[in-house]
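In: mind looking at a prediction? Sequence and model below.
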Amino acid sequence: MDDVRSTVVRAQEGDAAAYETLVARFQDMAYGYAYALLGDFQMAQDAAQEAFIEAYRCLPALREPIAFPSWFKRIVFKWCDRLTRGQRAVPMPAEALDRRPAGVPGPAQTAEARDLRASVLEAVRHLPDREREVTALYYIDGYSQQEIAAFLGIPTTTVKNRLYTARKRLKERMLDMIRDTLGSNALPESFTEETLARAVAQAAAWNEESAYAQAEALLRDVLSKAPGHPAALKELNRALMRGRIYSGRGEWELLPELAAHGRDVLAAGAGNAHVRREMAETLLAIPAMEEAAAYLQEWIAAEGPDVERLGMLAWAQACRGHYAEAEMVWAQALDLAREADSQKVEEPLAHACEALVDALASAGEGERAAQVAREGWTVARRGPVSSPSRWMAVAYQAGMDLAPVAQTLLGCMEAEEGLEVEVEALTIRAWIDDPEEIIAAAREWARACLAAGRVPLIGRLREVGNVFRPRHGPHARTRLAQAMWELLADHPDARTPWGWDRFDVFAYLHAGLLDEAAALARQHYEEAGLPAAGNDLIVAAAALGELAPPEVVQALKAGGIEAVDEYGLFGWYLRARVALAEGRVEEALEALRTSLDYWSNPPLGPFADLWEQDRAWDPLRGDPRYQQIWADKRARIGPIHGNLHYFPGW
């Protein structure tokens, strides 16, 4: 059994080939044992597959590798018990056992063989449990008595005695038929692949149930045994996006891992239009504009252009500062949009136009931005407009007169009714009307949603808040958030996002209102405490060139990073600032590097920009170590102007 022990140890260390060896060695044994318990070949295969899935997950916890056979047997037994709990196993129909090559025996011989097989299985099923176990294992694939003993955790002499007794119980003339019958129902060669497929299917089900951590753990186990498995990689990306990036945890630094998974899927030839789109959006969200531009050019060359692909490429080129190239690609997108059904291309055209105008305007290319906006709006208004909020953002960013655009969009909605139409109209009006009037109208609309039982729809009003932020400043957004926070007191799930908007410290920092940002962070701390308000207190203080408040520093020293920041990004920056203030330069630099290793990329993560301007680092500006940290950070991301506009979903 030394070879079993060494194989298990290697498998526990992540050796994929070693685990495949274990599967190959024990799959028939698991199957035979399951059949002995269940009396049904299909159920036995199901139980064996589920047992291998569980073994994937649990193998690292096995303390004694030499005990693998008996440990695995208990897992098989558990799954057999689960499959039969509350019901009796249904024996496989005798006709399902007839696997003869077609046309060889005649009808009479076929009937006779079927009856004999049924008799054999019936005789085996009537053996006592312990004798049935060893009989199935011994005859299903020729396992030795020593191997059976190790698997069942009993002495070899006991196996021998049970086989002897079983033979006496069965008629000697049936032994050959037992061997043939059990062997004819051996596991298919695709068993290992089927086990992997079932594991991926289980992970997919967990993703649908929002059990993302379970799905991630299972999929990482699968990939440790079968590296590059395309279905597992795609499902893992879905678990990571939903469970660790979009869940509120905001672990955006995982995006490069998702991109690596996407490359592997495409390299395996398992990509389709959906995977290609997700891959492009992942690169654009990192943002890795150089790679994204090259990838999009390759995709377009391979599968042809469309408005969405060209729009993404135009934005990537503009972010890189390649404005002429961006305009050329945009012109191609417009040509396609003019020739296509306006209803099918209006949404991707609006998305592309918004991204490109934002990038150009943010880069100081105002005339180019205005030209792109006018061209896009001219094409879009030919037919129904399904993205009115986007076109208002385009017009604002390009410096266009907002009133005519708003009037056109509102006019298109006059014949429509319903709460969805009303909130869309509110979002458009937020660009041109007094914010206090909009907040009052929003409050009345939200009450109508409550009365209609449409509470989740109230979240659409956050789009109004997003308009307030650039158009009317952060104060209007805060007042809207406070109004919704009070209105939704009895609906905690719907209320949570408004709590975030009430304390949008970064909006005040972006507007240059540093003292108000610090005051809002303090208010957040007084209401929610630590670590909830730690991020705001740390970043607001850094913007002022100050250390975080004493109570935050004390919490860091007493409880570590998690005491002030559940995520870690801000906590590590505070550790760097504290070490710097106390003269521990080496520790300060290392903590700064750790902090910047998080996803602090602009513009969703403007923290790096704030921290680079933090006056506390002035004494180290000329230090090569300090300079290298920032150089490494910039090398990990591409250029970006304005906001991010494309995000993957996987």
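Out: Received the coordinates, thanks.
In: low-confidence stretches in the stretch 151-300 of the chain?
Out: Applying pLDDT under 70 to the stretch 151-300 of the chain flags residues 168-191, 248-249.
In: give me that answer again for 90
Out: Along the stretch 151-300 of the chain, the parts satisfying pLDDT under 90 run over 151-199, 209-211, 213-214, 217-218, 221-227, 244-253, 270-272, 286-287.
In: just say helix, strand or coil for Tyr567.
Out: For Tyr567, the assignment made with DSSP: H, G, I helix; E, B strand; the rest coil gives coil.
In: residue contacts, it?
Out: Tyr567 makes contact with 249-251, 535, 598 under the criterion CB atoms under 8 Å, 6 or more residues apart in numbering. Where you see a C-beta, it was placed from the backbone N, CA and C, and this is true even at glycine.
In: distance of it from Ala540?
Out: To Ala540, Tyr567 is 17 Å away according to CB to CB, to the nearest Å.
In: coming back round to it: which of the contacts of Tyr567 are buried? Put it as a PyMOL command.
Out: Command for PyMOL, covering only those of the contacts of Tyr567 found buried under the criterion 16 or more other CB atoms under 10 Å:
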select buried, resi 250+251+535+598
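In: reformat the contacts of Tyr567 as JSON lines; add secondary structure and distance to Glu420.
Out: Shown next, in JSON lines, are those (DSSP: H, G, I helix; E, B strand; the rest coil; distance: CB to CB, whole Å):
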{"residue": "Arg249", "secondary structure": "coil", "distance to Glu420": "30"}
{"residue": "Gly250", "secondary structure": "coil", "distance to Glu420": "28"}
{"residue": "Glu251", "secondary structure": "coil", "distance to Glu420": "32"}
{"residue": "Asn535", "secondary structure": "helix", "distance to Glu420": "34"}
{"residue": "Tyr598", "secondary structure": "coil", "distance to Glu420": "37"}
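In: just checking, what packs against whatever helix or strand Thr195 lives in?
Out: Assigned by DSSP states H and E, Thr195 belongs to helix 191-208. Helix 191-208 sits against helix 16-38, helix 41-58, helix 212-225, helix 230-240, with contacts defined as 3 or more CB pairs under 8 Å, 6 or more residues apart in numbering; DSSP states H and E.
In: what are the buried residues along stretch 362-370?
Out: Under the neighbour-count criterion of 16+ other CB under 10 Å, stretch 362-370 has 362-363, 365, 368-370 buried.
In: for stretch 367-386, same thing?
Out: Within stretch 367-386, the residues that qualify as buried are 368-373, 375-377, 379-381, 385, counting by 16+ other CB under 10 Å.
In: what does stretch 554-567 give?
Out: For stretch 554-567, by 16+ other CB under 10 Å, it's 555-556, 561, 563-565, 567.
In: for Arg429, state which of the residues you listed is nearest.
Out: Tyr567 (36.3 Å; CB to CB).
In: tell me the pLDDT of the closest one.
Out: Note on Tyr567: pLDDT of 83.
In: and it, how close does it get to Pro531?
Out: In terms of CB to CB, Tyr567 sits 9 Å off from Pro531.
In: show me where the stretch 551-650 of the chain has helices.
Out: When assigned using DSSP state H, counting those that start in this stretch, the helices of the stretch 551-650 of the chain occupy the ranges 569-581, 585-597, 607-612, 624-635.
In: most packed of these?
Out: Highest mean neighbour count among the helices of the stretch 551-650 of the chain (mean count of other CB atoms under 10 Å): helix 569-581, with a mean of 23.
In: what is the neighbour count of Gly321?
Out: By the measure other CB atoms under 10 Å, the count of residues near Gly321 is 14.
In: can you check the pLDDT for the closest residue to it other than its chain neighbours?
Out: Distances taken as CB to CB, 6 or more residues apart in numbering place Pro639 nearest to Gly321, at 6.6 Å, with adjacent residues excluded. The model reports Pro639 with a pLDDT of 76.
In: Pro639: how many residues sit nearby?
Out: Quick note: Pro639 (other CB under 10 Å) scores 16 neighbours.
In: check contacts around it.
Out: With CB under 8 Å, 6+ apart, Pro639 has these contacts: 289, 319-321.
In: just the buried residues out of the residues you listed, in PyMOL syntax.
Out: Burial among the contacts of Pro639 is assessed by 16+ other CB under 10 Å; the matching PyMOL selection reads:
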select buried, resi 289+319+320
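In: returning to what we had before: could you pull up phi and psi at the residue nearest to Gly321?
Out: phi -70, psi 160 (degrees, to the nearest 10).
In: so that it lines up with my notes, have the first residue be 389 from now on.
Out: Sure, I'll start counting at 389 from here, so that last one is Pro1027.
In: from Arg697, how far off is it?
Out: 20 Å.
In: likewise Leu925?
Out: For Leu925, the distance to Arg697 - CB to CB - is 43 Å.
In: what's the answer for Glu734, then?
Out: In terms of CB to CB, Glu734 sits 16 Å off from Arg697.
In: can you report how many residues neighbour Glu825?
Out: Applying other CB under 10 Å, we find 11 residues neighbouring Glu825.
In: next, give phi and psi for it.
Out: Dihedral angles for Glu825 - degrees, to the nearest 10 - are phi -70, psi -40.
In: show me what contacts it?
Out: Residues counted as contacts of Glu825 (CB under 8 Å, 6+ apart): none.
In: ok, back up a step: out of the contacts of Tyr955, what pair is the most spread apart?
Out: Glu639 and Asn923 (14.2 Å).
In: what strand or helix carries the residue nearest to Leu684 when sequence neighbours are not counted?
Out: Once flanking residues are discounted, Leu684 sits nearest to Leu701: 4.2 Å by CB to CB, 6+ apart. Under the criterion of DSSP H and E, Leu701 resides in helix 695-707.
In: where in the stretch 389-538 of the chain is pLDDT low?
Out: 389-458, 461-462, 465-538.
In: cutoff 50 now
Out: 474-498, 500-501, 504 (pLDDT under 50).
In: what about the helices in it?
Out: 390-400, 404-426, 429-446, 456-472, 495-513, 517-529, 533-540.
In: tell me which of the ones you listed lies nearest to Val782.
Out: So among these, helix 429-446 is nearest, using CB to CB, at 49.1 Å.
In: quick one: the closest one to helix 600-613, angle?
Out: Using axes from the mean of the first three to the mean of the last three CA atoms, to 10 degrees, the inter-axis angle of helix 429-446 relative to helix 600-613 is 90 degrees.
In: which parts of helix 429-446 are buried?
Out: Buried residues in helix 429-446, counted by 16+ other CB under 10 Å: 429, 431-444.
In: one more: stretch 1022-1032?
Out: 1025-1030, 1032.
In: show me those residues that map onto strands.
Out: Using DSSP state E, no member of those falls in strands.
In: dump the residue contacts of Val973.
Out: Val973 touches 967, 1008, counting by CB under 8 Å, 6+ apart.
In: just the pLDDT at it, thanks.
Out: So Val973 comes in at 96 (pLDDT).
In: how near is it to Gly948?
Out: Val973 is 21 Å from Gly948, by CB to CB.
In: same thing with Pro919?
Out: Pro919 is 11 Å from Gly948, by CB to CB.
In: need the overlap of contacts for those two.
Out: Common neighbours of Pro919 and Gly948 (CB under 8 Å, 6+ apart) are Gly959.
In: helix, strand, or coil at the closest residue to Ala786 other than its chain neighbours?
Out: Once flanking residues are discounted, Ala786 sits nearest to Ala761: 3.4 Å by CB to CB, 6+ apart. Taking three-state DSSP as the rule, one finds Ala761 in the helix state.
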